[in-house]
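S.K.: Sequence plus the predicted model coming up.
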Amino acid sequence: MRKRKGIGLVVLTAILLLSGCQNLPGPEETVPAKGQESQEEMPTEMDLPIETQEKPVMESMPAEPAAGQEPEAGEEASGQQAFKEENQEKGLPEKEEKPAEEASAEPPEESLPEEIPPAEEQAGQQAEPPDEAVEGIMVEKKILVIPGLEREYRYLFLSDTHIISLDGEESEQQLENALPRRDTLFKDESGRTPEEVFPDWIAYANEQQVDGLLLGGDVIDFPSQGNLSFLEKNLEMLEMPYLYVPGNHDWTYPWEYMTDKGRQEYLAALSRWMRGTPAAQVMENEELVFLGVDNSSNQIDPAAMDTVRSAMERGKPVIILQHVPFATDRLVDTAAGLWKNPVLLGKGVLGGIYPNEASQEYMNLVLGGGSPVKAVLAGHIHIGEQDSLTEGIVQYTAEAGYMGKGLLLIIKGEEQADTQSD
């Protein structure tokens, strides 16, 4: 009896266990969540072993501080200090500020291989004075600091005035060349001709009592008798000395360009205003030497070299006046946008004019180590620019004088510049 009761209890217990487990999932069966029946079941992060759980990748980015929390002093200080030191090495402000027009995806313009600040900036010169507009002319003012000078000097620099003055004696060929240039090409913004503009420059020089007038060539557009007479009349009105170097237009016509006849007849006719020697001439005061050199043919006349050497040996700072500028990387690019042919002396590989033997010797003297030259003034390209030729030599190129544009060069010693800036 007891054996039957034991068997019955075992059977009852088995029935109860089987009926209670019918609604449970099997060992390999998962139950999808409500609304996710169609999604493929993936193991949750907690289902994975601890050593295989993925962690967010944050090692390459520093965590941002929570609201109100200061960043760690060590990281911020080291980053700012590195940025500051880098900018100081480059001469940049502590905070880089880019103008809106430069804020583009284009790469910055490539700097020159040797970025040399202009000579006056090297001397710690103050800002340039404002330009001056006087009776239809615009005078740009530039300051050149030459340490050791005892007084201040002021020189008016003009170039490319392209005077065309007709006296009724011109040939038909001359008129066909002159009239379109005078009446269309060489008019200023007010519609005035070069013949009308040039006397204003003479009047300004006299009124300002400048120390001298520097004429950088192409003062007349061609060597007609009418132009020569007009030039003589105006230069006689000057109340100060002047230095005048020839440009390529002063002594040529389109049909008589750089010819032997031009040199022997037309260039020779200008010599009376060029101290008798157009190739090279000197104007000197108690502290400065102004050396005028003819490179209007794009090269230096070998006959100029004796005068050049003499001027460089006088123990004074030298300022050079020539028609064709020396080439710089930046100026080659600028001039190429306006002129089809090479218009700058040197850097032939970049598009300038390859110097001949005499020109190379001249350039070596002017630009070489130990040169007393402080500035070069040039015209020809009708572009007003300031550029550095070497660490101690600045070059100024003039805008077209027939447009009523000129440059007043103020030359002073370092102590005078410091006194005026205080």
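M.R.: In hand now; what should we look at?
S.K.: Spit out the contact partners of Tyr396.
M.R.: Lys142, Phe157, Ala375, Val376, Leu377, Ala378, Glu385, Gln386, Leu407, Leu409 (Cβ atoms under 8 Å, 6 or more residues apart in numbering). For every residue, glycine as well, the C-beta is placed using N, CA and C.
S.K.: Could you look up the SS state of the first one?
M.R.: Looking back up the chat, that one is Lys142. Following DSSP: H, G, I helix; E, B strand; the rest coil, we place Lys142 in the strand state.
S.K.: For it, which non-adjacent residue is closest in space?
M.R.: Spatial nearest neighbour of Lys142, excluding adjacent residues (Cβ to Cβ, 6 or more residues apart in numbering): Leu409 at 5.5 Å.
S.K.: The one you found belongs to a helix, doesn't it?
M.R.: No. Leu409 is assigned strand when assessed by three-state DSSP, not a helix.
S.K.: thinking again about what came up before, now tabulate the contacts of Tyr396 in CSV and tack on distance to Gly315.
M.R.: Putting the contacts of Tyr396 into CSV (distance: Cβ to Cβ, whole Å) gives the following:
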residue, distance to Gly315
Lys142, 25
Phe157, 24
Ala375, 17
Val376, 20
Leu377, 21
Ala378, 25
Glu385, 30
Gln386, 27
Leu407, 27
Leu409, 22
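S.K.: Low-confidence stretches in the protein?
M.R.: Along the chain, the model assigns pLDDT under 70 to residues 1-128, 131, 415-422.
S.K.: could you show me where the helices are in it, in order?
M.R.: Assignment of helices within the chain using DSSP state H yields the ranges 2-21, 73-90, 119-122, 172-180, 194-208, 225-235, 260-261, 268-270, 305-312, 329-336, 357-367, 414-421.
S.K.: Show me the contact partners of the shortest one.
M.R.: Outside helix 260-261, not one residue touches it by Cβ under 8 Å, 6+ apart.
S.K.: how about the strands in the stretch 151-300 of the chain?
M.R.: Taking DSSP state E, counting those that start in this stretch as the criterion, the stretch 151-300 of the chain carries its strands at 153-158, 212-215, 242-244, 280-284, 289-293.
S.K.: Give the partner strands of the second one in its sheet and their orientations.
M.R.: Spelled out, that is strand 212-215. strand 153-158 (parallel), strand 242-244 (parallel) (DSSP bridges).
S.K.: Could you look over those and pick the most buried one?
M.R.: Compared across the strands paired with strand 212-215, strand 153-158 shows the largest average neighbour count, a mean of 23 (mean count of other Cβ atoms under 10 Å).
S.K.: tilt between it and strand 280-284?
M.R.: With axes from the mean of the first three to the mean of the last three Cα atoms, to 10 degrees defining the directions, strand 153-158 sits at 150 degrees from strand 280-284.
S.K.: just the angle between strand 153-158 and helix 194-208, please?
M.R.: 180 degrees.
S.K.: what comes into contact with strand 153-158?
M.R.: Residues contacting strand 153-158 (Cβ under 8 Å, 6+ apart): 139, 201, 204-205, 208, 210-216, 219, 285, 287-288, 290, 321, 377, 396, 398, 401, 406-412.
S.K.: Just the buried ones from those?
M.R.: Listed as buried from those are 139, 201, 204-205, 210-216, 219, 288, 290, 321, 377, 396, 398, 401, 406-412; burial here means 16 or more other Cβ atoms under 10 Å.
S.K.: so who does Tyr266 touch?
M.R.: Tyr266 touches Pro223, Asp250, Trp251, Thr252, Glu256, counting by Cβ under 8 Å, 6+ apart.
S.K.: Compare those residues and tell me which has the most neighbours.
M.R.: Asp250 (31 neighbours; other Cβ atoms under 10 Å).
S.K.: State the distance from that one to Met305.
M.R.: The gap separating Asp250 from Met305 is 22 Å, by Cβ to Cβ, to the nearest Å.
S.K.: Could you do Ser229 as well?
M.R.: 33 Å.
S.K.: higher neighbour count, these two?
M.R.: Met305 (17 against 13).
S.K.: measure the more buried one to Asn285 for me?
M.R.: For Met305, the distance to Asn285 equals 24 Å [Cβ to Cβ].
S.K.: mind listing what His380 touches?
M.R.: Here His380 is in contact with Ser159, Asp160, Gly216, Gly217, Asp218, Gly247, Asn248, His323, Val324, Pro325, Val343, Thr397 (criterion: Cβ under 8 Å, 6+ apart).
S.K.: Could you pull up phi and psi at it?
M.R.: With angles defined as degrees, to the nearest 10, His380 sits at phi 80, psi -50.
S.K.: Lys187: which of the strands paired with strand 212-215 is closest?
M.R.: When the strands paired with strand 212-215 are compared by Cβ to Cβ, strand 153-158 sits nearest Lys187, at 17.2 Å.
S.K.: relative orientation of that closest one and strand 289-293 in degrees?
M.R.: Using the same axes, to 10 degrees: strand 153-158 against strand 289-293 is 20 degrees.
S.K.: Neighbours of Asp306, how many?
M.R.: Applying other Cβ under 10 Å, we find 11 other residues in the vicinity of Asp306.
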